[in-house]
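Peer 1: Structure of the sequence below:
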Amino acid sequence: MVIQPSSKIKVPEENFFDVPAFLTVSGQLHLEVMSGAFTQVFTFGPTFRAENSQSRRHLAEFYMVEAEMSFVESLQDLMQVMEELFKATTEMVLSHCPEDVELCHQFIASGQKGRLEHMLKNNFLIISYTEAIEILKQASQNFAFTPKWGVDLQTEHEKYLVRHCGNIPVFVINYPSELKPFYMRENEDGPQNTVAAVDLLVPGVGELFGGSLREERYHVLEQRLARSGLTKAYQWYLDLRKFGSVPHGGFGMGFERYLQCILGVDNIKDVIPFPRFTHSCLL
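Peer 2: Numbering: from 1, shown residues only. Prediction:
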């Protein structure tokens, strides 16, 4: 982000923090620190992604709910919290703001009310990344991006998977490790080399939640950082495991995408007052 200074303001040549600093893409790593003391923590605030996209579901600045929990040992535990958060929040919105929701359903997204009720009354489904790729390979639909193992899922793939599952939100778990960041816990699954990651895909939007178990094993994390050339930058993060850690995990949910999902709004730029995206930044 470049801000043009006033002629009266003297801009220092050195870094303000004495090191290069950037707008945050997530509060997760710092939440992990806090979860070591308070077990269950969350944050809700703006995050920033410099993704050169003009799509209907991407912004350069958006809000995200992030949670981190200690003593979480399985993706099932994590997915239960994610599903309950979605359902409890949605039911509260429906009970406290019925007129507002009905207005959107009536004039913006016909049929959304029934789809939302369908999501709330059914248990969310679970498939592995490997199963998802097989489903996509057998699809009669022609995709712009050919699905194959080891390649990330695209929006068109995510939306197809949700339709394939009967328009019920679906968790996709256990992604190839090369597709995910260094902090996700490696599965002990031999040559497949996957990590305990999970994405929640919902109708009309695609990915809404993203989360994982975190790598609490010191030497495993040390090796992954070394392979990625990130040891110096994240030495403080590695040191959290130096004298032992606990199994833990967490997730993030994009707030604007959540609004898209429950209201049936097609474009993410219509659910935030001042949308900022590539080539557009209202100051």
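Peer 1: in this structure, which spans are helices?
Peer 2: Here the chain has its helices, by DSSP state H, at 28-38, 75-96, 98-107, 112-121, 129-137, 155-164, 218-228, 235-239, 255-263.
Peer 1: quick one: which of the ones you listed is nearest P20?
Peer 2: helix 235-239 (15.7 Å; CB to CB). For the C-beta atoms, the positions are set from N, CA and C on the backbone; glycine is no exception.
Peer 1: for stretch 91-111, the distance to its chain's centre please.
Peer 2: 25 Å (CA atoms, centre = their mean, to the nearest Å).
Peer 1: who wins for proximity to D199 among the helices of the chain?
Peer 2: Using CB to CB, the nearest of those to D199 is helix 155-164, at 7.9 Å.
Peer 1: how about that closest one: buried residues?
Peer 2: For helix 155-164, the neighbour count (16 or more other CB atoms under 10 Å) marks 155-162, 164 as buried.
Peer 1: winner for burial among the helices of the chain?
Peer 2: Most buried of these, by mean neighbour count (mean count of other CB atoms under 10 Å): helix 255-263, with a mean of 22.
Peer 1: Show the average pLDDT along it.
Peer 2: Here helix 255-263 scores 95 as its mean pLDDT.
Peer 1: Include distance to S177 when you put the helices of the chain into CSV, please.
Peer 2: Formatted as CSV, the helices of the chain follow (distance: least, CB to CB, whole Å):
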stretch, distance to S177
helix 28-38, 18
helix 75-96, 15
helix 98-107, 40
helix 112-121, 31
helix 129-137, 11
helix 155-164, 19
helix 218-228, 8
helix 235-239, 18
helix 255-263, 25
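Peer 1: Please name whichever of those helices is nearest to F277.
Peer 2: So among those, helix 255-263 is nearest, using CB to CB, at 11.4 Å.
Peer 1: ok, and what's touching that closest one?
Peer 2: 44, 57, 59, 62-65, 86, 89-90, 93, 101, 104-105, 108-109, 112, 116, 202-205, 207-208, 265-266, 268, 271-272 (CB atoms under 8 Å, 6 or more residues apart in numbering).
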